[in-house]
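>>> got a sequence here, can you build the structure:
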Amino acid sequence: MAQGSGMPKDIGIIDCMLGIPEAEDRGEWFASFRPLIKDKQTLEQFSMPAQYMFKDIPASGKQDDYTAWVVEQMDANGVERALVGWNDNETSRRAKERFGDRFFFDLPIDPNGGVDEIRRIRRIHAEVGLSALSCFPAGTLPQVAIDHKYMFPFYALACELDIPFCVNAGVPGPRIPMDTQKVERIDEVCWYFPELKLVMRHGAEPWEELAVKLMLKYPNLYYSTSAFAPKHYPKAIIDYANTRGAEKIIYAGYFPMGLSLDRIMRDMPNVPFKDEVWPKFLRENAIRVFGLEK
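The predicted structure follows:
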């Protein structure tokens, strides 16, 4: 696939997966599924559970204001807005109050929570105005698959609230079982909920070609590039974006969980997207799918 003239500058990038640390030690981000981890290397040596997959995990150092530090990194790399997980704590509230024009929020959900979790989502959405719900199926405890019956009330709620649902798909990075995230499980969900906007996260590998086939099949199924440095974007995804999928592929990073924005943006110009794909990938698809024009 021939490359165009390259990544445009000054486009106002929208990053659809970014985090705000609450301390120099970020172990709290992974505490929820720590009981699933059994190998000693992860438990005793890793600062994040998929550390073996990443080089030079960005360190914030000790900051007086971690939210302001994140915004500084965004400014330095042309990121205008970012989707951040809402933690219903002071860090999230401060981010919304001080930088409401820079952040929009997804709410990570626990499908094991049942009706109490439904009530929690409704309460937070009424207070915050969520842009998405999200779930890491392999990281739920106990694990709940993408197509498990426990998930269906939350897909229905996303439809009712008219917001997307972001779900990890493919082999998880942490050394925990993968069965819950097999891409084939997405098929029944998209069939049963045709109006649900479902956004795949974290690669869908090694089933990325199946992910493309399902995006061709279902109009409201999307793919975000979270947790992958641009040099590692799957070829099937790049080819799809350059042909029939220009409106289906959404930029998402993984800062500061595993990748720095400097690293991402240093690699990004080498991705062989066609000229007409870049604005959609970096900005326009996110605006449309997450309702940012509202």
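>>> mean confidence score for stretch 41-60?
What stretch 41-60 shows for mean pLDDT is 82.
>>> how about it: buried residues?
Neighbour-count burial for stretch 41-60, counted by 16 or more other CB atoms under 10 Å, picks out 42, 46, 48-51, 54, 57-58. From N, CA and C alone the C-beta is placed, and that goes for glycine too.
>>> what's the closest residue to N220 other than its chain neighbours sitting at in phi/psi?
Closest residue in space to N220, ignoring its immediate chain neighbours: K197 at 4.9 Å, by CB to CB, 6 or more residues apart in numbering. Torsion angles at K197 (phi, psi; degrees, to the nearest 10) stand at phi -90, psi 110.
>>> likewise the one 4 residues further on?
Backbone dihedrals for R201, given as degrees, to the nearest 10, come out at phi -120, psi 160.
>>> ok, it touching Y222?
No: proximity of R201 to Y222 does not meet the contact threshold set by CB atoms under 8 Å, at 10.0 Å.
>>> T42: which element?
T42 belongs to helix 40-45 when assigned by DSSP states H and E.
>>> should've said V199
strand 198-201.
>>> need the contact partners of that strand.
Applying CB atoms under 8 Å, 6 or more residues apart in numbering, the contact partners of strand 198-201 are 16-17, 132, 134, 155, 164-170, 183, 186, 189-190, 211, 218, 220-224, 226-227, 250, 252, 289.
>>> for the longest helix seen in the chain, what is the distance to the chain centroid?
Identified as the longest helix of the chain according to DSSP state H is helix 114-128. Computed by CA atoms, centre = their mean, to the nearest Å, the chain-centroid distance of helix 114-128 equals 20 Å.
>>> same thing with stretch 113-123?
21 Å.
>>> for that stretch, buried residues please.
For stretch 113-123, the buried set under the neighbour-count rule, 16+ other CB under 10 Å, comprises 117, 121.
>>> does P153 touch I121 like I think?
No: checked against CB under 8 Å, the pair P153 and I121 is beyond contact range at 10.0 Å.
>>> thought F54 was touching P256?
No: using CB under 8 Å, F54 makes no contact with P256, being 11.0 Å away.
>>> these two touch, right, R98 and D65?
No: contact between R98 and D65 fails when scored by CB under 8 Å: they sit 9.0 Å apart.
>>> in helices only, show me the contacts of strand 198-201.
Among these, the ones falling in helices (DSSP H) are 155, 186, 189-190, 211, 289.
>>> so what pLDDT did A2 get?
Confidence at A2, expressed as pLDDT, is 45.
>>> and the closest residue to I57 other than its chain neighbours, how many residues sit next to it?
Sequence neighbours aside, G258 is the residue nearest to I57 in space, at 5.7 Å (criterion: CB to CB, 6+ apart). By the measure other CB atoms under 10 Å, the count of residues near G258 is 23.
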